[in-house]
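Engineer: test case, fold it:
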Amino acid sequence: MALLPSDTPLYNHPLPQIEQWLKDQGCQQDDTQRHCWHVQRPSWKAELWLDVEQIVVRYVQSGENGQDIQRSFKYSLSRNDVEQAVFSGP
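Structural biologist: Have a look, this model is predicted:
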C-alpha cells in the first residue's frame with residue numbers, strides 16, 4: 001500500500017497506511033494495546049500512542065534527571081512534519 005505524499009496531513013492517511021509508515025520507521029506495535037507503538041534508536045527510546053486527535057510521544061528517560069519527555073502532534077500536521085519532529089528524538 002503506497003503512502004500519500006509526505007506533505008499530506010496525517011488525517012488524510014487511512015489507518016493501515018499510518019501503521020505501515022510507523023513500521024517503516026522501525027516502530028513495533030504493542031501486542032496487547034494495538035494503539036501503542038515502541039521505537040528505539042541508539043541514543044533514545046520512545047512510546048507512541050495513536051490517540052483520537054493526535055499522536056502522543058513519550059521519550060523514555062530522556063529529560064533532566066532521567067525524566068520522561070512527552071509531546072503530542074495533531075493529525076493535521078503533514079506526515080513529513082510529524083516524521084521530522086518525532087524521529088529526530090527528544
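Engineer: contact partners for residue 41?
Structural biologist: 26, 87, 89 (CB atoms under 8 Å, 6 or more residues apart in numbering). For every residue, glycine as well, the C-beta is placed using N, CA and C.
Engineer: does it have beta-bridge partners, and which?
Structural biologist: Residues in a beta bridge with residue 41, per DSSP bridges, are residue 44.
Engineer: circling back: mind putting the contacts of residue 41 into JSON lines with pLDDT, secondary structure and distance to residue 43?
Structural biologist: Below are these laid out as JSON lines (pLDDT from 0 to 100; DSSP: H, G, I helix; E, B strand; the rest coil; distance: CB to CB, whole Å):
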{"residue": "26", "pLDDT": "96", "secondary structure": "coil", "distance to residue 43": "14"}
{"residue": "87", "pLDDT": "95", "secondary structure": "helix", "distance to residue 43": "12"}
{"residue": "89", "pLDDT": "92", "secondary structure": "coil", "distance to residue 43": "7"}
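Engineer: pull out the buried members of the residues you listed.
Structural biologist: Neighbour counting with 16 or more other CB atoms under 10 Å marks none of the contacts of residue 41 as buried.
Engineer: pick the one among the residues you listed closest to residue 67.
Structural biologist: Using CB to CB, residue 89 comes nearest to residue 67 of the contacts of residue 41, at 15.3 Å.
Engineer: isn't the closest one right next to residue 44, touching?
Structural biologist: Yes. Under the criterion of CB atoms under 8 Å, residue 89 makes contact with residue 44 at 4.8 Å.
Engineer: now for these two: what residues contact both?
Structural biologist: 59, 62.
Engineer: can you lay out the contacts of residue 41 as CSV showing distance to residue 62?
Structural biologist: Formatted as CSV, those follow (distance: CB to CB, whole Å):
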residue, distance to residue 62
26, 17
87, 14
89, 8
